[in-house]
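**Student:** whatever this is, show me its structure:
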Amino acid sequence: MNVGVIGCGRVANIHMGAYKAMSRVNVVAVSDVDINRAKAFAELYKIDKVFSNYTDLFEVKDLALVDICTPTSTHESIVRDAAKSGLNVLMEKPMGRHSEECERMIEESRKHGTKLCVCHNQLFYPHVRRLKSIADSEGFNLTSFRTSHRENFEWLKAHGLAQPWNVSPEHGGILWEVGCHLAYLQLHFLKDIEEVYALGVKAKYPVWDDFAVLLRTSSQRWGIMEISWVAKESEIVYEVIDSNGRRVQTFLPHGYIIERTLESPANVAGVARSWIADEKRLFRKWMKFAKDQVKKPQWGHFELISSYVESLEKGAPSPVTGEDGRNAIRLLECIEESLKERKPVNYSPW
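**Tutor:** Got it, this is the predicted structure:
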């Protein structure tokens, strides 16, 4: 299967790692508005065809799929043009800035019989899949799902992990950049979200940079999203809780899972047990970190992209559909509205 990549930045390099591991896929063309960046990317990965205009890439013979790794604001025009050219599309998250954009992409793809897939890669993290398996298991009566993401934007920017436009209102800011991950995970774990209530501040940047969201469902389950990019210490935790108080957590980026079962210490023996438990958890964390330096962790891209390629070969549904991507954007819109209006907002898929 021949693939063309549009956009040659950091994310495109991550996707190339997945393609290089797939014997049945060949990246045959790349495009970037910065032709020098496109040429350097093509030279690095030994790709023959290089373009500055993505529509020229669409003319490459026997192209089955285009991979869009460009900023969110460009997605709609590229996806619709690709659909008109009869090309299937893998696109980076977030799918769009507004759910209306997403629906137009979906409609254009339907019209021309092409297939969309949104790169919601965290759904394919092994530890996230394990957490979902626990939440769905017999005997685990899920009551809440918490996603907490705390980082420091200045540190991320200094290490090339964030860009200045990540705190731009035009691009949706931190809510779209980080909240998109948490939104689609919440929709994955909680199928019946119907109300959103968000509170937060613009503490340091012109966008919401420290906020929390409560998600109410039509069942007895509920969700919590916590996001901050003004934190002094990084912490990314996903947690499921059942009706008996059982708490299971996974910690990113290294994906180790712990179950919180230790009772509060009431005596010296209890203090000793707690200390040993804490030391074991620290040991597991840093051992996982050490292993990841030798064997790089799986970030879900290979599993997602290979699943999408297989769906194209077999005529099966995309592993993450355009509708999935649109619903995540719709949830972000409701969160944004609740933050602005300081009141609950009803959520429903498109």
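**Student:** low-confidence ranges in this protein?
**Tutor:** For the chain, the stretches flagged by pLDDT under 70 are 289, 292-298.
**Student:** what about the longest strand in it?
**Tutor:** For the chain, the strand with the greatest residue count under DSSP state E is strand 230-242.
**Student:** and the contacts of that one?
**Tutor:** Residues outside strand 230-242 that contact it (CB atoms under 8 Å, 6 or more residues apart in numbering): 128, 131, 134-135, 140-153, 155, 185, 189, 203-204, 209-210, 247-253. Where you see a C-beta, it was placed from the backbone N, CA and C, and this is true even at glycine.
**Student:** tell me the buried residues in the helix or strand following it?
**Tutor:** For strand 230-242, the following helix or strand on the C-terminal side (DSSP states H and E) is strand 247-252. Using 16 or more other CB atoms under 10 Å as the test for burial, strand 247-252 gives 248-252.
**Student:** chain center to strand 247-252: distance?
**Tutor:** Centroid separation between strand 247-252 and its chain, computed with CA atoms, centre = their mean, to the nearest Å, is 17 Å.
**Student:** okay, the angle between it and strand 230-242?
**Tutor:** Put simply, strand 247-252 runs at 140 degrees to strand 230-242, going by axes from the mean of the first three to the mean of the last three CA atoms, to 10 degrees.
**Student:** list the contacts of the spatially most central residue of the chain.
**Tutor:** By CA atoms, centre = their mean, the chain has its centre lying nearest to residue 181, at 3.7 Å. Residue 181 is in contact with 93, 120, 122, 149, counting by CB under 8 Å, 6+ apart.
**Student:** which of the residues you listed fall in strands?
**Tutor:** residue 149.
**Student:** tell me where this protein has helices.
**Tutor:** 10-20, 35-45, 54-57, 75-84, 99-112, 126-136, 153-158, 173-177, 179-189, 268-294, 301-314, 322-341 (DSSP state H).
**Student:** so what does the second one touch, helix or strand wise?
**Tutor:** Spelled out, it's helix 35-45. Using 3 or more CB pairs under 8 Å, 6 or more residues apart in numbering; DSSP states H and E, the elements in contact with helix 35-45 are helix 10-20, strand 26-31, strand 49-51.
**Student:** can you say which of the ones you listed is nearest to residue 173?
**Tutor:** Residue 173 lies closest to helix 10-20 among those, at 18.2 Å (CB to CB).
**Student:** run the chain-centre distance for the closest one.
**Tutor:** 15 Å.
**Student:** burial measure for residue 157, as a count.
**Tutor:** Residues lying near residue 157 (other CB atoms under 10 Å) number 14.
**Student:** rewinding a little: from the buried residues of strand 247-252, which single one is nearest residue 277?
**Tutor:** residue 249 (13.6 Å).
**Student:** now that closest one, which residues is it bridged with?
**Tutor:** residue 239, residue 258 (DSSP bridges).
**Student:** relative to residue 130, how far out is it?
**Tutor:** 12 Å (CB to CB, to the nearest Å).
**Student:** go on, residue 60?
**Tutor:** 40 Å.
**Student:** and the two? Which one has more around it.
**Tutor:** Using other CB under 10 Å as the criterion, residue 60 and residue 130 rank with residue 60 on top: 18 against 14.
**Student:** returning to that earlier point: turn the buried residues of strand 247-252 into a markdown table, including distance to residue 73.
**Tutor:** Shown next, in a markdown table, are the buried residues of strand 247-252 (distance: CB to CB, whole Å):
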| residue | distance to residue 73 |
| --- | --- |
| 248 | 38 |
| 249 | 35 |
| 250 | 32 |
| 251 | 33 |
| 252 | 27 |
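**Student:** and residue 235, how many residues sit next to it?
**Tutor:** Neighbours of residue 235 under the rule other CB under 10 Å: 13.
**Student:** who are the contact partners of the residue lying closest to residue 213 once chain neighbours are set aside?
**Tutor:** Excluding its sequence neighbours, the residue lying closest to residue 213 (CB to CB, 6 or more residues apart in numbering) is residue 225, at 4.0 Å. Residue 225 makes contacts with 146-148, 179, 182-183, 186, 212-213, 215, 335, as judged by CB under 8 Å, 6+ apart.
**Student:** thanks a lot, see you next time.
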